[in-house]
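K.L.:
no sequence on this one, just coordinates:
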């Protein structure tokens, strides 16, 4: 049995990992897919001061409170940054890292450096697409019912996670057992970004011929990488 923490990306919640989490649990693994502070069903908690670092501190505290060890962290999209900070904070509890078409920023960079541009919704607390924007994005990869299911659950994301430089003072200097997945049909963060991560970490390199949401479109292949590295 392996313990997995599945970390979602921007505009999502733990719900996006439901199909993968269900299958991993059915295979006998211990799986958590938490919703990050200010996201998903926790969007009502939006407030000033939520950043990648505060979200990671909460998850690191969860690892400690549950006394979880030999954990495999899987981060998707913006969840890659939360994963990296959790790993830095709880090094002794981590077995392996999986970057699933994930952002992997260096210390001092911010997500807006990579993604750029404004979105349909921008407030002093949050940023994100409208429900229709999100539906159209999901519809590029998913059938109509699944796209609607995902769009209905999408929310805005704490703005500090996009605009505050990440704080990773020693993550990139450590040795990690890591895998990096580049999704060929996805746009940003893109292949050069994923290559930089893989080369810096000397990570296993994987390519999936799908878009940005392999946890919904290519579950078999993604689960195999999550299990095997």
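P.N.:
Ah, there it is. From a predicted model like this one, the values you see are computed outputs, not experimental measurements.
K.L.:
Show me the longest helix that occurs in this structure.
P.N.:
When the chain is parsed with DSSP state H, its longest helix is helix 52-65.
K.L.:
List of residues touching that helix?
P.N.:
Outside helix 52-65, the residues that touch it by Cβ atoms under 8 Å, 6 or more residues apart in numbering are 5, 7, 32, 34, 36-38, 68, 71, 78, 81-83, 85-86, 88-90, 93, 158, 160-161, 164, 166-167. No exception for glycine: its C-beta is placed from N, CA and C like everyone else's.
K.L.:
mind listing what residue 9 touches?
P.N.:
Residue 9 touches 16, 76-80, 102, counting by Cβ under 8 Å, 6+ apart.
K.L.:
Show me the two of those that sit farthest apart.
P.N.:
Farthest-apart pair in these is 16 and 80; separation 14.1 Å (Cβ to Cβ).
K.L.:
Those two: who's more crowded?
P.N.:
Applying other Cβ atoms under 10 Å to residue 16 and residue 80 shows that residue 80 carries more neighbours, namely 29 against 25.
K.L.:
Look up how far residue 60 lies from residue 148.
P.N.:
Separation of residue 148 from residue 60 (Cβ to Cβ, to the nearest Å): 35 Å.
K.L.:
quick one: which of the two has more around it?
P.N.:
Using other Cβ under 10 Å, the more surrounded residue of residue 148 and residue 60 is residue 60, with 20 against 15.
K.L.:
Excluding covalently adjacent residues, which one is nearest to the more buried one?
P.N.:
Closest residue to residue 60 apart from its sequence neighbours, by Cβ to Cβ, 6 or more residues apart in numbering: residue 89 at 4.0 Å.
K.L.:
Tell me how far the one you found lies from residue 213.
P.N.:
Distance of residue 89 to residue 213, given as Cβ to Cβ: 27 Å.
K.L.:
Of the two, which one has the most company?
P.N.:
With neighbours defined as other Cβ under 10 Å, residue 89 and residue 213 compare such that residue 213 has more, 25 against 18.
K.L.:
Tell me the first helix or strand C-terminal of the helix or strand bottoming out on mean pLDDT in the chain.
P.N.:
One helix or strand of the chain scores below all others by mean pLDDT, DSSP states H and E: helix 111-115, with a mean of 81. Elements were assigned by DSSP states H and E; along the chain past helix 111-115, the next helix or strand is strand 121-122.
K.L.:
Can you name the residues that contact residue 36?
P.N.:
Contact analysis of residue 36 by Cβ under 8 Å, 6+ apart lists 7-8, 13, 42, 55, 58-59, 79, 82.
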